Structure formats: structure tokens, C-alpha cells
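Peer 1: structure for this input, please:
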Amino acid sequence: MELVCPAGSLPALKAAVDNGADAVYLGFRDATNARNFPGLNFSPEEAARGVDYAHRGGAKVFAAINTYAQPGQVERWRAGVERAGAVGADALIVADVGLLGFAAAHYPSLRLHLSVQGSATTPAAIQFLHEQFRIQRVILPRVLSLAQVRRVLGELRDVEVEVFGFGSLCVMVEGRCMLSSYLTGESPNMSGACSPAKAVRWAETPAGREVRLNQVLIDRYGAHQAAGYPVLCKGRFAVDGRVDYALEEPTSLSVIDILPQLMEAGVAGIKIEGRQRSPAYVAEVVAVMRAALDQCLRDPEGYAPDAGLTARLDRLAEGRTHTLGALERAWL
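Peer 2: Prediction:
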């Protein structure tokens, strides 16, 4: 199984490669990628340097052109595909079927990976996209159980499967989120950011540190409470007279406990989420996951997650805890 790691900047890319990434994924500084935050991402020149560094370190580079092209602006997304080919990326991560068609027709030597934003969860949907656009890998949304992942793998032909291994969860079917656009007027699948920075408001108040999206209160923190980046689905709200996490609690997905099951099922890639994270975060998570994955590959039958590695991941997890999320749903 490949360890596929985030690169939101050139220092983060180098940290991922230096700590054992088999592949890194990056995006350009525009709305063509779903982590379009100020201060992140790559110019074409930086991307070329990143590709060179990764290749010299034995790692591949996947370019994320994973938002949906907008009417009248299609050339911006096509230009992103062209830039990825020009800098020497090994594969494109794409959600928009129009862009898949463009890339398949004009860049036949580039591997195509279907983005998680494409929300393909059935073998029939994935196989159709393979037949039409020659996709070679699909990144499965984080809404499937392990049994469902196994069924997808059991029925697929000629398409690799990548699953998320560590990082933020999404309560929505990925690629179909409406919560952020409800408050900000911008879809994360189109403008490239969930909770765009221009809509975030922090304020120190007598009641505590408050954070809002536009004018809507998302959370309030006490003096010694850790405050995460605000997203609507992980806010605290008053429901039936009780203030709590109404949709999703802050916690991180981690598959460190079930690596042998994923390997046995035939998963080709374990993806770490976090292009918006710091190089130090990337270095630590990649190092831990590399150690765990190597341990699993050496002895899958005797594998047990190392308590020290799990503790290191939990220190970086949202809410300082981890979950298997939908993967452990027994009824699906």
C-alpha cells in the first residue's frame, strides 16, 4: 500500500518525502483545488521544484485539480491540467467529468485518479468512469463502512482504490456539501475552501473567545480551551436546551488499528489529509504512519498498533482522539 501524503507548501512536501511518503499530492494557488487557502499551495515554478525533489527522493507527485469548473471559466481548470502535465506530475486528481474528458483526450500519458469530491461509491459508477475516461484509481469517500470498501474492491476491475488513513472527517457525502455555502455563499466544491478565511470572525468577549462564520456563532471557547479552525459541521449549537456538538464532534479519522484488513482487502493507497497543516504536522504524521505501515507490511498477521505511535497521532488529532468513523459501521 502506498502512503499518500499532503503537501500544502514546498516545505511540507519536503517534510513528507523526507519522512517516508510514497507519494505527495499538491494543488495550485487558485480555485482549481479544494484547499485554496491564503498562503498555501504552489506556483508552477514551485510545483516543478517540488516534483524534482519528490522524484529524487523516490516519491510520486499527484496534482489535485479537484474542484468543479464554473460556467465561463472552464479555461482556468483546463490550464490547471496543462500546468500539472508541464511540471511533470505523475497523476491528476480530478472530480469534474468534463475535466476528466479533457485530460484523457489531451494528456493520455497522465494517470487519472478520481477525487473523493467525485463521490463515486459503487463499483458500477467507478467502472463507468474507467471505461469512459480511463481513470486508474479512485479515492473513496469517508462515508463507507469497511464491509462496503471490501465489496467495492471485490467487484472492481482495473481500478485501484485509495482510502483516507488519517485526518479530518467530513459528515457530508464528499462533493455534495451545502453547509458552508449556506453561510458563506461559496461552495467548497467550487471556490476551494470550507469556511473561507474572509468569512471567519474571531472575537474576545466576556463570555469567552467566540468564532463566527459571517454573523453565525459557531463556537465559544473558555480561557484554556483549544480552539480549532471553524467549520459549521463541527460547531456547538443549542438543541433542545442543550449546547453540544449537534452534527459532528472534533475527532480525527485514523486507520492505524485496521491496516492489515485494508491491505488484505486490496487497498492500493492510504491517504493522509492535511494540505492546510504545517510542515511540522506533516513530518510527524507521515513518520508515524510510515512506521505503522512498515510494521504491517513486515508481519500483517502479527500486527498490533504500537501504543506509542497511536499516542503520537492522538496528540495531533482533532479533539486529541481518533475514530474509525464510518469504517466501523457493522450494519452497512
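Peer 1: how long is stretch 224-234 end to end?
Peer 2: With C-alpha to C-alpha, to the nearest Å as the measure, the first residue of stretch 224-234 is 19 Å from its last.
Peer 1: and for Glu301, the neighbour number?
Peer 2: Applying other C-beta atoms under 10 Å, we find 7 residues neighbouring Glu301. C-beta: built from backbone N, CA, C; applies to glycine.
Peer 1: spell out which residues make up each domain of this protein.
Peer 2: 2-169+251-328, 179-245 (automatic domain parsing).
Peer 1: which of those domains has the lowest mean pLDDT?
Peer 2: Here the lowest mean pLDDT among the domains of the chain goes to domain 179-245, at a mean of 87.
Peer 1: any idea how far that domain is from the chain center?
Peer 2: 21 Å (C-alpha atoms, centre = their mean, to the nearest Å).
Peer 1: what's the first-to-last distance across that domain?
Peer 2: 15 Å.
Peer 1: on that earlier part again, out of the domains of the chain, which one sits most buried?
Peer 2: Between the domains of the chain, domain 2-169+251-328 has the highest mean count of neighbours, a mean of 20, where neighbours are mean count of other C-beta atoms under 10 Å.
Peer 1: tell me where the stretch 51-200 of the chain has strands.
Peer 2: Remark: strands assigned in the stretch 51-200 of the chain by DSSP state E, counting those that start in this stretch are 60-65, 91-94, 111-114, 137-139, 160-168, 200-205.
Peer 1: could you dump the ones you listed into CSV and include distance to Gly241?
Peer 2: What follows is these, written out as CSV (distance: least, C-beta to C-beta, whole Å):
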stretch, distance to Gly241
strand 60-65, 43
strand 91-94, 44
strand 111-114, 44
strand 137-139, 40
strand 160-168, 29
strand 200-205, 22
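Peer 1: for Leu262, find the nearest of the ones you listed.
Peer 2: Distance to Leu262, taken as C-beta to C-beta, is lowest for strand 160-168 among those, at 6.6 Å.
Peer 1: each with direction, which strands does that closest one pair with?
Peer 2: Using DSSP bridges, the strands paired with strand 160-168 are strand 137-139 (parallel), strand 252-254 (antiparallel), strand 269-272 (parallel).
Peer 1: could you export the ones you listed as JSON lines, including distance to Glu301?
Peer 2: Formatted as JSON lines, the strands paired with strand 160-168 follow (distance: least, C-beta to C-beta, whole Å):
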{"stretch": "strand 137-139", "distance to Glu301": "27"}
{"stretch": "strand 252-254", "distance to Glu301": "21"}
{"stretch": "strand 269-272", "distance to Glu301": "19"}
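Peer 1: which one, of those, ends up nearest to Asp52?
Peer 2: Using C-beta to C-beta, the nearest of the strands paired with strand 160-168 to Asp52 is strand 269-272, at 21.9 Å.
Peer 1: residue closest to the middle of this structure?
Peer 2: Glu273 (4.0 Å; C-alpha atoms, centre = their mean).
Peer 1: thanks a lot, see you next time.
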